[in-house]
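> give me a model of this one.
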Amino acid sequence: QVQLVESGGGLAQPGGSLRLSCAASGFTVSDYAMGWSRQVPGKSRELVASISRAGDTYYADSVKGRFIISRDVGKNTLYLQIDSLKPEDLAMYYCGRPRLTGRYYYIPKSYLDFTHWGQGTQVAVSS
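Reported below is the predicted structural model:
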């Protein structure tokens, strides 16, 4: 059974950093492309970062240069390093996985490419 459990969210100041984690079970993180999305109430979900099985990465323009997606196969965990936090980064963050393993170099670029999501972890930015 596929399970994704996010953690690491919290309150940070503008310019600060957070590291989100996503513990996966029921599959191996390196066998699938994976990604992080975020959502604010009343707005559509946005894919912010994804990683292919090969390790190639994609970032939304709004987070490029500030977010880094990575994975640790030994811990079977996906990470999202968030630096230079901005007020507009306030959202619920979810990690996700597509239904199929896909091609080795396939990089999802839309949250619609994912079928499995965790319960989310909240990121808040203090003023």
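> tell me the contacts of residue 87?
By Cβ atoms under 8 Å, 6 or more residues apart in numbering, residue 87 lies in contact with 14, 125, 127. Heads up, the C-betas are built off the backbone N, CA and C, glycines and all.
> of those, just say which sits nearest to residue 20.
residue 125 (13.9 Å; Cβ to Cβ).
> lowest-confidence one in the contacts of residue 87?
Among the contacts of residue 87, residue 127 carries the lowest pLDDT, at 74.
> was I right to think that one contacts residue 12?
No - judged on Cβ atoms under 8 Å, residue 127 makes no contact with residue 12 at a distance of 11.5 Å.
> who has more neighbours out of these two?
residue 12 (17 against 5; other Cβ atoms under 10 Å).
> if we can go back for a sec, just the contacts of residue 87: which are in strands?
residue 125 (DSSP state E).
> any idea how far the most centrally placed residue in the chain lies from residue 105?
Geometric centre of the chain, nearest residue: residue 36, 1.9 Å, by Cα atoms, centre = their mean. The gap separating residue 36 from residue 105 is 19 Å, by Cβ to Cβ, to the nearest Å.
> coming back round to it: the residue nearest to the centre of the chain belongs to a strand, doesn't it?
Yes - under DSSP: H, G, I helix; E, B strand; the rest coil, residue 36 falls within a strand.
> what's the closest of the contacts of residue 87 to residue 43?
residue 125 (15.8 Å).
> who does the closest one form a beta bridge with?
Beta-bridge pairing for residue 125 (DSSP bridges): residue 12.
> that one: how many residues sit nearby?
Residue 125: 19 neighbours (other Cβ under 10 Å).
> what does residue 95 give?
Neighbours of residue 95 (other Cβ under 10 Å): 30.
> check the one 5 residues further on too.
Taking other Cβ under 10 Å as the neighbour definition, residue 100 ends up with a count of 10.
> work out for me the element it sits within.
Assigned by DSSP states H and E, residue 100 belongs to no helix or strand.
> how close does it sit to residue 94?
19 Å.
> repeat for residue 64
For residue 64 relative to residue 94 (Cβ to Cβ), the value is 19 Å.
> pick out whichever of the two has more residues nearby.
Neighbours were counted for residue 64 and for residue 94 using other Cβ under 10 Å; residue 94 has more, 25 against 11.
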